[in-house]
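Student: What shape does this take:
(chains A and B)
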Amino acid sequence: MTALLETKGIWQRFGGLVANSDVSISVGRGEIVGLIGPNGAGKSTLFNLIAGVYTPTQGSIIFDGEDVTGLSAAERCERGIGRTFQVVKSFETMTVIDNVIVGALIRTTVMREARRKAHEVLEFCGLAARANTLASQLIPSEKRRLEVARALATEPKLLLLDEVLTGLTPIEAQTGVELVRKVRATGVTVLMVEHVMEIVMPLVDRAIVLDLGKVLVEGKPTDVVRDPKVITAYLGDRHAVGA
Amino acid sequence: MDTAFAQRRRRDLIVAAIFAGLSALVPLFVKDVYVQNIMVLTLMYAALSQSWNILSGYCGQISLGHALYFGLGAYTTALLFTKFGVLPWFGMLGGGLISAAIAMALGYPCFRLRGHYFVIATIVIAETALLLFQNWDWAGAALGIDIPVRGDSWLKFQFTRSKLPYFYFALVLACVAWLVTWWLEDSKWGYWWRAVKDNPDAAESLGVVVFNSKMGAAAVSAFLTAIGGSFYAQFVSYIDPESVMGFQFSLLMALPAVLGGIGTLWGPVLGAVILIPLTELTRSFIGGSGRGVDLIVYGTLIVLISLARPQGLVGLFSPRRKEAAR
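Tutor: The predicted structure is shown next:
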């Protein structure tokens, strides 16, 4: 089976800074893939390149058999790439349900249908009780879930999660993990950027470690965390025992 | 939950119908021409502010240059009638279409600007247009255009003996602008606009084509504003650049919506009902001194209202506010 998402030799430069150099990764259908790495490794850049915020300086992005490199974020959403933002970007003056309806409207222009879909997604994400609350009045963990709900309403094939579990209490994070599993169970492929290793590692099928803009290691999470190169990248040479 | 939403929409519609019906009856009791004049202006500004609200309130692209579209509507109607004998009704439609087209042509470069830069661009463009019209001889330059009076007629949309026909037309205009907003509010466009206003990046990630959304809002907003301008030209039957394209019109379109509640269905109506009579009354009662006392009083009142309710007066009646407080 072909991969759902493939990046081929991605380079991204911002002025003199090379944020991604020759990054080639692939994400299979139905996988949960974790994209990890220390600060400044180029995770967010790669993420934004896949979501369509930037166009790569060089290289191409293949999604579902189609070259989407030149498409805008909106066009990629239509193709089936949904995303959340690291710093939540709710529509603050709108209610929770209205936030989600915006997402649902890409699949239907019939308002009743969009509203029904939005309710369904809120139910799925455990936000149904907050449907008529203004987004600005949600607590941080609810806002994160709203980000996921909104993206799910666009019926994505690939869901990009940008640090949705970071900064949550352990219980909230655990609920988040359950949600990600539930999402995958519905057939959606998940690519997640995450900092909190101990939460991500049991969740993902595969981890890709970026460092200094390059793919450092990729493989099973259990192998990756023991890899001396990864430990060096995160903690420095002295901690890389057995290296 | 769905039913609660549908109920609110239906209730809005019923309340609007009641208001419209009651307004239609007012002239039966109010015969004073001066007061009727104020009522016409109030309805007109309610319609204009509602139109402004579509682009600036819902879509969040604050325009302080809507006088341009108002003036284009007035000029198109007046020029077509005086130069080519085209009936004002067609002039009205033509003015609307021209304004919508120009709004999109201007939007093409301007919608790349964000926040204050966009506002500045709208002011500059409207002022430039004002200067162009002041120097355009064919369009009457600074002297303006006198619309010849040929007797009362609905066909020519002129009435000299009574203000009532203008009143009813302004009422229809206000209702149409309200209905368009009501309808758009629960449409794909309405949701897209609010999303664009709140967070363009997030909107884009959800498949909203931000640029096209802004263009759509600008076109609808300019079209309706121009209709108001056409109406005004017929109502006053004499126009010159300063009196239909002056900066004060841009402000008078924005203020009712801001005061009443920006980006809300009822804000512009409420704002106009309070603000326009206030403007006219302060002017006629204390404006004669020539020292601008009316403007001081007027300004003070606006400041006081904004201080008391920065989110707009409409929040005082909003069911959503009660929900939020619960």
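Student: For the rest of this, base every contact and every neighbour count on C-alpha atoms.
Tutor: Noted.
Student: Check chain B for the residue nearest chain A and tell me.
Tutor: B:Gly207 (3.8 Å; C-alpha to the nearest C-alpha).
Student: At the contact with chain A, which residues of the stretch 51-200 of chain B appear?
Tutor: B:186-188, B:191-192, B:194-195, B:198-199 (C-alpha under 8 Å from any C-alpha of the partner chain).
Student: Considering these, which possesses the most neighbours?
Tutor: Counting neighbours by other C-alpha atoms under 10 Å in any protein chain shown, the top entry in those is B:Ala195, with 31 neighbours.
Student: Spatially nearest residue to that one, not counting backbone neighbours?
Tutor: B:Ala203 (5.5 Å; C-alpha to C-alpha, 6 or more residues apart in numbering or on different chains).
Student: In three-state terms, how would the spatially closest residue to A:Pro38 that is not a sequence neighbour be classified?
Tutor: Leaving aside its sequence neighbours, A:Pro38 sits nearest to A:Tyr234 (C-alpha to C-alpha, 6+ apart; 5.8 Å). With DSSP: H, G, I helix; E, B strand; the rest coil as the basis, the three-state label of A:Tyr234 is helix.
Student: measure A:Tyr234 to B:Trp52 for me?
Tutor: Distance, A:Tyr234 to B:Trp52, by C-alpha to C-alpha, to the nearest Å: 54 Å.
Student: phi, psi of A:Val18?
Tutor: Here is the backbone geometry of A:Val18 (degrees, to the nearest 10): phi -100, psi 110.
Student: Tell me which of A:Tyr234 and B:Trp52 has more neighbours.
Tutor: Just comparing A:Tyr234 and B:Trp52: by other C-alpha under 10 Å the higher neighbour count belongs to B:Trp52, 34 against 15.
Student: quick one, phi/psi of the one residue sitting closest to the centre of chain B?
Tutor: Among the residues of chain B, the one closest to the centroid is B:Leu48, at 1.2 Å (C-alpha atoms, centre = their mean). Main-chain torsions, B:Leu48, degrees, to the nearest 10: phi -60, psi -40.
Student: Which pLDDT value does the model give residue 119?
Tutor: Using chain A here. pLDDT for A:His119: 95.
Student: should've been chain B
Tutor: At B:Val119, pLDDT is 92.
Student: Flag the shaky bits of chain B, pLDDT-wise.
Tutor: Residues of chain B that meet the criterion pLDDT under 70 lie in B:1-2, B:287-291, B:318-326.
Student: Okay, helices next: where are they in it?
Tutor: Per DSSP state H, chain B carries helices over the ranges B:2-29, B:33-52, B:67-84, B:88-110, B:116-134, B:164-185, B:188-198, B:200-205, B:210-236, B:241-245, B:247-260, B:267-286, B:293-308, B:319-325.
Student: Also chain A?
Tutor: Going by DSSP H, chain A shows helices at A:43-51, A:73-79, A:96-104, A:111-125, A:140-153, A:170-185, A:197-203, A:221-226, A:228-235.
Student: Go through those and pick out the most buried.
Tutor: helix A:96-104 (a mean of 29; mean count of other C-alpha atoms under 10 Å in any protein chain shown).
Student: So for that one, mean pLDDT?
Tutor: 96.
Student: and the angle for it with helix A:111-125?
Tutor: With axes from the mean of the first three to the mean of the last three C-alpha atoms, to 10 degrees defining the directions, helix A:96-104 sits at 110 degrees from helix A:111-125.
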